[in-house]
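Peer 1: Next input, structure requested:
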Amino acid sequence: MLIGLNTNAQEDYIRPGLLKATGTIAPSTMLNRAVNNIYLTGFLEYYTDKHLSLRGETYFFVDGKSKSGQPNLFVHQAMRTYFGAYYHVNKNNWDNYIGFQPGLTLMRALPSVDATEKLRACPSFAIHVGSTFYIWKYFNFYVDLAYVNSMYQGLPAGGQRTDELILSAGLGFQVNTKKAK
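Peer 2: Presented below is the predicted three-dimensional model:
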C-alpha cells in the first residue's frame, strides 16, 4: 500500500504543454563598470517537449548603485526583452537548463553619460543557465543566472558596453495545459 501511495505521489510535472511563469526582483552586476543594478523581471515559458521550451522574458530597470562609491552610474532608464529556446536535462522533479535568447534593449543613459538623454534601442542577446525544482503541480522553486550582452550606441566617444550578469530566484508558477499520457 505504501509503495502504491509513493508511486502516485511521483507526478511527472515536466512534459509537453507545461506553461511556467515567474516574477521577481533580480540583482545584477555590470561587467564593464563597477555598478550593481536592480531589475524587476518576469518570464513566460512553454514546453514543446520534455527537453525543449520557448521562453519570453523582460527586465525593467529599477535602480543602480556604484560598487566603488564613485559617480560611475550609467543607466537612467532601461528595459530588456528577450525570446528564445531552452534545452532541459531533467530527472524526476529537477529540471536543469541552458538557453539562448536574442532580444532588444531600450536604454536611456544618465545625463552625465549622454547629454542628449535619448532612449536608444540596442540589439542584445541573453544566455541563461539555471535549475528548477517542482514542489507541487502549481509551484516550483527556481534559480537562474543570465548573461546579457548589449552595446549602447550613439555617444561621441563611441559605443559603450552594457553587459550584465543578472541573478533571479524564487517561487515560480506552472500549469500543465495538456493531460498526461
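
Peer 1: where in the chain is pLDDT low?
Peer 2: For the chain, the stretches with pLDDT under 70 are 1-10.

Peer 1: Please enumerate the strands of it.
Peer 2: Along the chain, counting by DSSP state E, strands occupy 18-30, 35-49, 52-66, 75-91, 94-109, 120-134, 139-152, 160-161, 164-176.

Peer 1: how about the fourth one: buried residues?
Peer 2: Spelled out, it's strand 75-91. The neighbour-count check on strand 75-91 (16 or more other Cβ atoms under 10 Å) flags V75, H76, A78, M79, R80, T81, Y82, F83, G84, Y86, H88, N90 as buried. C-beta: built from backbone N, CA, C; applies to glycine.

Peer 1: that older thread, export the strands of the chain to a markdown table and tack on distance to D12?
Peer 2: Below are those laid out as a markdown table (distance: least, Cβ to Cβ, whole Å):
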| stretch | distance to D12 |
| --- | --- |
| strand 18-30 | 10 |
| strand 35-49 | 12 |
| strand 52-66 | 15 |
| strand 75-91 | 10 |
| strand 94-109 | 11 |
| strand 120-134 | 9 |
| strand 139-152 | 14 |
| strand 160-161 | 43 |
| strand 164-176 | 9 |
